[in-house]
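K.L.:
Give me the fold of what follows.
(4 chains)
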There are 2 protein chains.
Amino acid sequence: MTDTNAELVAVFKALADANRLKIIGLLARQPYSVEQLAALLNLKPPTVSHHLAKLSEVGLVGAKAEGYYSMYYLEESALKKTRLLFSKQDLSAAVADMDMDAYDRKVVKDYSLANGRLKTLPAQRKKLDAILRYVVKSFDPGRRYGEKEVNDILGRFNNDTATLRRELVGSGLMRREGGGGDYWRVET
Amino acid sequence: MTDTNAELVAVFKALADANRLKIIGLLARQPYSVEQLAALLNLKPPTVSHHLAKLSEVGLVGAKAEGYYSMYYLEESALKKTRLLFSKQDLSAAVADMDMDAYDRKVVKDYSLANGRLKTLPAQRKKLDAILRYVVKSFDPGRRYGEKEVNDILGRFNNDTATLRRELVGSGLMRREGGGGDYWRVET
DNA sequence: AAATCAATTAGATAATCATCTAATTAAATA
DNA sequence: TATTTAATTAGATGATTATCTAATTGATTT
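P.N.:
Predicted coordinates for the structure are as follows:
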């Protein structure tokens, strides 16, 4: 999604070929011309040119004219840079701005009728949790609701208000005061 | 060409896709099921399965059954191992062996400096031969080289170009035309 | 300026691969 | 045991890409 990610993909794509890896290995020891690389790898010069172009695009190799030849060399700084990007932290950060609620939305959509009510309540824990996170949004944080009021709101989603109420409390999304007291939505 | 190389290619291929990198980024935060990842990435479950299989093949992710779901997680040790590959030494060692056999590789490694030059020339016949087989690869078969050109190429390996030149001819890996004529690499 | 030679570009082809739908498997609950 | 549900496999398709030959470019040497 982010630049970091796109940059990494480009570098990995450049490295994801046996012949290009061989080129890197060879250039790690000394510079070579296209012609020499072609001979060593048993490829035609245009093919090597193509590979070198890919490596060059991501900065992994450079070239320097030398007589008739242009000698390609390994750009070590690019290797170091890539290693820095390829860390758990950076990879994680690259997806931080991703839509983390997509799963919940999909579950709600799958269980919703056209009128906004829920067909049924999911049996699976994970899906029920997604539904509960959705339903609880109908309650204002910082306000108290009597039991009848709670049932009215939950009744808009499904007739089984008792289950919804119990699960909302059980999952910690709502709390209940004492025995027959009020309910409130827990701040997140 | 070697197994090492094939393994490296597989790892880089596994990482050379935007969605697979996103999966890694997500799993870096917490485990997810296939279904959840599919929702988050806006892909169908079979596609995510396919990506996870690729990542799993190279050991970057693992899975653990949990109720109906199988939760995938990041194998951090593999991530660290991959990260270390981004150095000149490692890529060179893992890849530059090309079609050398194990013995030659070991000798060359033992006598090579980090920059690819040779510390010294081995005194033992067998080891010197291994070095010569390695050095001669810098010459194109089917091309002729003047003495100066030969020295330039050999000079990249060691300052003692005279010995290298003499031994290359003596071992039959290269030939020389007449008295002061050109050199060429003998076809194998 | 003409000739030479390495490198690149253009264009074609065959292989690889990401993605989907449909069908199947595997695992867990009722 | 039957049912449910997530995951995987099978099969198809469109896009990407590695590789080749042929043509062109660009730069050096005569």
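K.L.:
List the residues that contact residue A:91.
P.N.:
Neighbour list for residue A:91: A:5, A:8, B:21, B:24, B:25, B:28 [criterion: CB atoms under 8 Å, 6 or more residues apart in numbering or on different chains]. Where you see a C-beta, it was placed from the backbone N, CA and C, and this is true even at glycine.
K.L.:
ok so the third one is a helix residue?
P.N.:
The one in question is residue B:21. Yes - assessed with DSSP: H, G, I helix; E, B strand; the rest coil, residue B:21 lies in a helix.
K.L.:
right, and it touches residue B:27 too?
P.N.:
No - look at residue B:21 against residue B:27 with CB atoms under 8 Å: they stay out of range, at 10.8 Å.
K.L.:
In chain A, where is pLDDT below threshold?
P.N.:
Applying pLDDT under 70 to chain A flags residues A:1-2, A:179.
K.L.:
can you give me the strands in it?
P.N.:
Taking DSSP state E as the criterion, chain A carries its strands at A:32-33, A:61-66, A:69-74, A:144-145, A:174-176, A:183-185.
K.L.:
can you give me phi and psi for the residue of chain A positioned farthest from its centre?
P.N.:
Relative to the centre of chain A, and counting by CA atoms, centre = their mean, the farthest-placed residue is residue A:67 at 48.5 Å. Main-chain torsions, residue A:67, degrees, to the nearest 10: phi 60, psi -140.
K.L.:
Checking stretch A:92-106 against chain B, do any of its residues make contact.
P.N.:
Yes - residues of stretch A:92-106 contacting chain B under CB under 8 Å from any CB of the partner chain: A:92, A:93, A:94, A:95, A:98, A:99, A:100, A:102, A:103, A:105, A:106.
K.L.:
Just the buried residues of that stretch, please?
P.N.:
A:92, A:93, A:94, A:95, A:102, A:103, A:104, A:106 (16 or more other CB atoms under 10 Å in any protein chain shown).
K.L.:
sorry, back to before: distance of the residue farthest from the centre of chain A from residue B:184?
P.N.:
With distances taken as CB to CB, to the nearest Å, residue A:67 is found 20 Å from residue B:184.
K.L.:
one step back: out of the residues of stretch A:92-106 next to chain B, give me the two with the largest separation.
P.N.:
A:93 and A:106 (24.7 Å; CB to CB).
K.L.:
picking up where we left off before, closest one of the contacts of residue A:91 to DNA strand C?
P.N.:
DNA strand C lies nearest to residue B:21 out of those, by CB to the nearest atom of the strand, at 11.1 Å.
K.L.:
can you pull the contacts of the closest one?
P.N.:
Neighbouring residues of residue B:21 by CB under 8 Å, 6+ apart: A:5, A:8, A:9, A:12, A:91, A:94, B:15.
K.L.:
try 7 Å
P.N.:
Neighbour list for residue B:21: A:5, A:8, A:9, A:91, B:15 [criterion: CB atoms under 7 Å, 6 or more residues apart in numbering or on different chains].
K.L.:
Can you tell me the closest non-neighbouring residue to the third one?
P.N.:
Pointing back at residue A:9 there. The spatially closest residue to residue A:9, leaving aside those adjacent along the chain, is residue B:18, at 5.0 Å (CB to CB, 6 or more residues apart in numbering or on different chains).
K.L.:
picking up where we left off before, format the contacts of residue B:21 as TSV; extra columns: distance to residue B:83.
P.N.:
Putting those into TSV (distance: CB to CB, whole Å) gives the following:
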residue	distance to residue B:83
A:5	16
A:8	12
A:9	16
A:91	10
B:15	11
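K.L.:
Relative to DNA strand D, which of those is nearest.
P.N.:
residue A:9 (9.4 Å).
K.L.:
My guess is the closest one contacts residue B:19. True?
P.N.:
No - with contact defined as CB atoms under 7 Å, residue A:9 does not reach residue B:19; the gap is 9.5 Å.
K.L.:
and these two? which has more neighbours close in?
P.N.:
Neighbour tally, residue A:9 and residue B:19, criterion other CB atoms under 10 Å in any protein chain shown: the higher count belongs to residue A:9, 20 against 16.
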